[in-house]
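Peer 1: Okay, sequence plus prediction incoming.
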Amino acid sequence: MKTIEEIRELIVAAIPAAAEAGAVEIVLNPSVCGQHSLKLKPEVALEVARFLRDSAELRLDFLSNVSGVDWPDKEIAEKVKVTKKVEKEVDGVKTTVDEVVEEVKKQVIPGCLEVVYHLFSMEKRTGPLTLRMKTVNRTDQVELPSLTYVWRSAELQEREVFDLYGVKFAGHPDLRRIMMWDEFKDHPMRRDYVEPDDFEYEPTAHDQVLQRAHEHRAKLAEASAERVGE
C-alpha cells in the first residue's frame, strides 16, 4: 500500500480544494504500529471519500469500522514570567521597583467530537487507511457529513456514533438511535455522561445496582413525606 504521504499527494492532485491549508492533514502515530491517518475538513470529506473509493491506484472499496471519540474541554496551565511593580522598603524608605515574577497562566482548549473511519481495499488487498473528522465543538456545532453514500457499511455505524456520542451526520438516510430508545436523553459514551440512579426500567439481580435502586426509592419517599408535611 502507498504511504500516507503518497496518498495525500494523490488526493491533492485530484481535488483542488484539498490543497488548501488544513483541508487534508497527516496525523502521525508515534506508536510501534505507526498507523498514521488523514484528518479531513468536513467541507472536502465527501469528495475525498469518493476519490479514495474510485481511484484506480487505491480502490479503497471497503469501510470496516466507524468509531467515535469524545474530546472534552482541556485546561492547560503554564508558567510565564511577567514584570510587576513591587513595593519594597530599603533602609526604612519605601520605594516601588520593577520585579520579574512567575505566574501560572491557564488556557482552556475547547473540546470536540471526532469520528474515525478505517478503510481497506478488497480488490488490491491493502489497508487500513484511517480517516478522521472533527466537529467544531461538543454542544451546538456537532454536524459532520455522512459517508454512507460512499460506503454503505457506514449507515448503521454512523447511527451508533450518533446515538452514543451525539454527532449529527448530514445526509444520512436514516439517522436515529440504534441502541438507546428514542426518548433517551444524552449520549452514554461521552466522558461527562452521568448515569441515572433510577434503575426501575432495568430489573437486575446485581447487589450494587439494587442498592442504588433502593436508595433512589428512599429519596423519593423522603421527598414525598416532606411535601405532605408542609
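Peer 2: Great, that's in hand. Numbering: from 1, shown residues only.

Peer 1: Please parse this protein into its domains.
Peer 2: The chain breaks down by automatic domain parsing into domains covering 4-69+113-170, 74-108, 195-230.

Peer 1: Where does pLDDT dip in the protein?
Peer 2: 198-206, 230 (pLDDT under 70).

Peer 1: residue boundaries of the helices in the protein?
Peer 2: Residue ranges of the helices in the chain, as given by DSSP state H, are 4-14, 42-54, 154-165, 207-229.

Peer 1: would a markdown table of those with mean neighbour count and distance to K185 be doable?
Peer 2: C-beta coordinates here come from the backbone N, C-alpha and C atoms, glycine included. Shown next, in a markdown table, are the helices of the chain (neighbours: other Cβ atoms under 10 Å; distance: least, Cβ to Cβ, whole Å):
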| stretch | mean neighbour count | distance to K185 |
| --- | --- | --- |
| helix 4-14 | 16 | 40 |
| helix 42-54 | 19 | 26 |
| helix 154-165 | 21 | 12 |
| helix 207-229 | 11 | 17 |
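
Peer 1: Ok, which of the ones you listed comes nearest L131?
Peer 2: Nearest to L131, of all the helices of the chain, is helix 42-54, at 7.5 Å by Cβ to Cβ.

Peer 1: The closest one relative to helix 154-165, how many degrees between them?
Peer 2: 140 degrees (axes from the mean of the first three to the mean of the last three Cα atoms, to 10 degrees).

Peer 1: Please state the offset of helix 42-54 from the chain centre?
Peer 2: Remark: helix 42-54 is offset 20 Å from the chain centroid, using Cα atoms, centre = their mean, to the nearest Å.

Peer 1: Put together TSV for the helices of the chain, with distance to H118 on each row.
Peer 2: Converted to TSV, these look like this (distance: least, Cβ to Cβ, whole Å):
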stretch	distance to H118
helix 4-14	14
helix 42-54	12
helix 154-165	10
helix 207-229	35
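
Peer 1: what's the closest of those helices to P145?
Peer 2: Taking the helices of the chain one by one with Cβ to Cβ, helix 42-54 is closest: 5.2 Å.

Peer 1: Show me what that closest one is in contact with.
Peer 2: 7, 10-11, 14-15, 17-18, 23-24, 38, 40, 58-61, 119, 129, 131, 133, 143-145, 147, 150-151 (Cβ atoms under 8 Å, 6 or more residues apart in numbering).

Peer 1: What of stretch 17-35?
Peer 2: Residues contacting stretch 17-35 (Cβ under 8 Å, 6+ apart): 4-5, 8, 11-12, 36-41, 43-44, 47-48, 128, 130, 132.

Peer 1: and what of stretch 99-108?
Peer 2: 73-86.

Peer 1: possible to save those residues as TSV with neighbour count and distance to A218?
Peer 2: Converted to TSV, those look like this (neighbours: other Cβ atoms under 10 Å; distance: Cβ to Cβ, whole Å):
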residue	neighbour count	distance to A218
D73	12	35
K74	10	38
E75	9	37
I76	9	43
A77	8	42
E78	9	47
K79	8	49
V80	9	51
K81	8	55
V82	10	54
T83	9	59
K84	10	55
K85	8	59
V86	12	58
